[in-house]
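1. Below are the sequence and a predicted model; questions follow.
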Amino acid sequence: MRNYLFSGPFAEHIKNHVQLKQAVGYKYEAEAEHLLRFSSFSAEKYPEASILSKEIVLEWCSKRNYEAQANQCARSSILRQLAMYMEGIGIGAYVLPKGYYPAAQQYVPHIYTEDELQRFFHQTDQCR
């Protein structure tokens, strides 16, 4: 377990949340790295915040122009878990609704029929 130095108005809550997740058996290292970046973000932009407001959550969760939708969803999910933890201990926090940012459509492979395969190989046999 790495000792993270969280900062900003939610530092103590983030630290306790990470410790709780790790205490119940989750590695929670990559998630802690995301929360470390969130703590720096909140320290810089919202140093006086007393609650995790919708404004803060939506700004942090907004899609970056360089990232895939899956990354945005992962970042949002991690912050959602923190918000649910904070709500659970009586601290005001906006909990992003589940599925707020839908995951990208999953690739559905095409399974060729017997007929399609026969026609495909017939055509390839015609090639020189």
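-> Noted; the coordinates are in hand. Bear in mind the structure is a predicted one, so any value in this text is a computation, not a measurement.

2. Tell me the buried residues in whatever helix or strand W60 lives in?
-> Secondary structure assignment for W60, by DSSP states H and E: helix 54-61. By 16 or more other Cβ atoms under 10 Å, the buried positions in helix 54-61 come out as I56, V57, W60, C61. In this view, the C-beta of every residue, glycine as well, is placed from N, C-alpha and C.

3. top helix in the chain by residue count?
-> Assignment by DSSP state H gives helix 69-88 as the longest helix of the chain.

4. ok, for the residue nearest to the spatial centre of the chain, nearest residue in space, not its chain neighbours?
-> With distances taken as Cα atoms, centre = their mean, A74 lies nearest the centre of the chain, 1.7 Å away. Nearest residue to A74, sequence neighbours excluded (Cβ to Cβ, 6 or more residues apart in numbering): H34, at 7.7 Å.
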